[in-house]
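1. Provided below for reference: sequence and predicted model.
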Amino acid sequence: MFRRITTLYVLRGLLALGFAFVLLLSWHQMQLGSLVLVFGVYASTEGVLALSSGKLSSPPPGASFHVFEGVVSVVFGLDALLGFHFQRLEVLAMTALWAVATGLIRMAPLVSAIVNGREAWDDLAHAGAGAASLAFGVCVLLWPGSASLFFAVLLAPYAAIAGLAMLHAARTYKHVIDPALGAHPKSG
């Protein structure tokens, strides 16, 4: 169980870093249709991995948040792949709304842990990825006239930050879990 959870976090982190890498290498020559396709594949795959981490036989804390995040990502990813949003503002709005939604969902386990008085160290990296997602989405929504610039300048760094946060979450989760029990230790 322990290896599967960390493996899923690592895969999600590597996926986000790969997405950032593709954007960095090709953003200056990428057409809108290609950008929609790349985003759709990324969001759908990220969603499937998030759903997988929430559906493990011994799911991590906050698994319901992973499932919800997975559903949101799959819906937005499939909409990008099948919806044919080739108007600039539609693509920007769709991506910004996805970023805001997943950002809030990624921050929710930390808020839940604080409200319920449980230790929240293992939720910090995931919440950091959520904060980056939320900031990106809000910037694009607040300044739609400059959204193309935000998109080009911020999407790749956001994806890189989210990927690194996921890799850190995998590392943190690996150290928080009790491998002998295959479950999180009970907090005081």
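-> Cool, got the structure.

2. what residue ranges in the protein score low on pLDDT?
-> Within the chain, the segments meeting pLDDT under 70 span 1-3, 27-28, 30, 32, 54-62, 84-88, 120-122, 144-153, 173-188.

3. what's the helix or strand where residue 37 lies in contact with?
-> In this structure, residue 37 sits in helix 32-54 according to DSSP states H and E. Here helix 32-54 makes contact (CB atoms under 8 Å, 6 or more residues apart in numbering) with 5, 8-9, 11-12, 15-16, 19, 22-23, 26, 30, 59-60, 63-67, 69-81, 85-86, 88, 91, 95, 98, 159. C-beta here means a position set from N, CA and C on the backbone, and glycine is covered the same way.

4. Among those residues, which lie within strands?
-> Using DSSP state E, no member of those falls within strands.

5. Go ahead and build a ChimeraX selection from the buried members of these.
-> Buried residues within the contacts of helix 32-54, by 16 or more other CB atoms under 10 Å, are selected in ChimeraX with:
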select :5,8,9,11,12,15,16,19,22,23,30,60,63,65,66,67,69,70,72,73,74,76,77,79,80,85,91,95,98,159
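
6. Please, where are all the helices along the chain?
-> 2-26, 32-54, 63-82, 88-115, 124-142, 147-176 (DSSP state H).

7. send the alpha carbons of the third one over as CSV?
-> In this case it means helix 63-82. Taking C-alpha atoms only, helix 63-82 is exported to CSV below (Å, rounded to 0.1, in the frame of the first residue of the first chain):
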residue,chain,number,x,y,z
ALA,A,63,-8.7,10.4,0.0
SER,A,64,-12.1,11.9,-0.7
PHE,A,65,-10.4,15.1,-1.7
HIS,A,66,-8.2,13.1,-4.1
VAL,A,67,-11.3,11.6,-5.6
PHE,A,68,-13.0,14.9,-6.0
GLU,A,69,-9.9,16.5,-7.5
GLY,A,70,-9.6,13.5,-9.9
VAL,A,71,-13.2,13.9,-11.1
VAL,A,72,-12.7,17.7,-11.6
SER,A,73,-9.5,17.1,-13.6
VAL,A,74,-11.0,14.4,-15.7
VAL,A,75,-14.1,16.5,-16.5
PHE,A,76,-12.0,19.5,-17.5
GLY,A,77,-9.5,17.4,-19.4
LEU,A,78,-12.2,15.6,-21.4
ASP,A,79,-13.9,19.0,-22.0
ALA,A,80,-10.6,20.3,-23.4
LEU,A,81,-10.2,17.2,-25.6
LEU,A,82,-13.7,16.8,-26.8
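
8. I'm done for today, thanks for sticking with me.
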